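Undergrad: Provide a 3D model corresponding to the input given below.
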Amino acid sequence: MISIYTDGASRGNPGPGGFGTVIKKGTRRKEFSGGFRLTTNNRMELLAVIIGLEALLKPNLQVTIYSDSKYVVDAIEKKWVFGWVKKGFKDKKNPDLWRRFLQIYPKHKVKMVWVKGHAGNVENERCDQLATEAADGKNLKLDLGYENSVNNKKLL
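TA: Residues are numbered from 1 along each chain as shown. A predicted model of the protein is given here:
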């Protein structure tokens, strides 16, 4: 059984943002984080989940993902994202990340669990720390999916 804890942060929405991911299997643990110069909280919440799943090397693992994002948990557990695919993500945000998620998701047996944020869950708090430190960091990366979508809307 693999446990993945995730969180995303944004300083402004949009603004500088970051994600934090903790993967646990037994006594083993691995942490991931990254920051972007312009993004949204929801993008970082979803990216944290993607990074966790992409880090798993073997297929067909039992994975429980803990997230404080209703946006991410409900889209997956209530199967909304699969309806969005059928409609070509028309009028939906973050289609680039959802498509990336859908490439890795079927490779495992994934269960999503919503946890209340900032409620003392040790691993969720650690992910929040990783995400906010990444958002506040220097040398932030470009979130091309977000910045390209914003620039394309400005052209219309």
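
Undergrad: So the residue nearest to the spatial centre of the chain, which state does it fall into?
TA: Central residue of the chain (C-alpha atoms, centre = their mean): residue 46, 2.3 Å from the mean position. Three-state call for residue 46 (DSSP: H, G, I helix; E, B strand; the rest coil): helix.

Undergrad: Check the contact between it and residue 21; I expect there is one.
TA: No - contact criterion C-beta atoms under 8 Å: residue 46 and residue 21 do not qualify, at 11.4 Å. C-beta here means a position set from N, CA and C on the backbone, and glycine is covered the same way.

Undergrad: I'd assumed residue 130 was in a helix, is it?
TA: Yes - according to three-state DSSP, the state of residue 130 is that of a helix.

Undergrad: In contact with it: list those residues for me.
TA: Shown in contact with residue 130 (C-beta atoms under 8 Å, 6 or more residues apart in numbering): 7, 18, 19, 20, 21, 22, 31, 32, 33.

Undergrad: pLDDT wise, what is residue 156 at?
TA: On pLDDT, residue 156 comes in at 48.

Undergrad: heads up, I number from 452, so please use that
TA: Let's use 452 as the start, then, which means that last one is residue 607.

Undergrad: what about the helices in this protein?
TA: Here the chain has its helices, by DSSP state H, at 492-505, 521-528, 531-537, 546-555, 573-586, 595-606.

Undergrad: now the ones you listed as a markdown table including distance to residue 562?
TA: Below are the helices of the chain laid out as a markdown table (distance: least, C-beta to C-beta, whole Å):
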| stretch | distance to residue 562 |
| --- | --- |
| helix 492-505 | 12 |
| helix 521-528 | 8 |
| helix 531-537 | 15 |
| helix 546-555 | 15 |
| helix 573-586 | 16 |
| helix 595-606 | 26 |
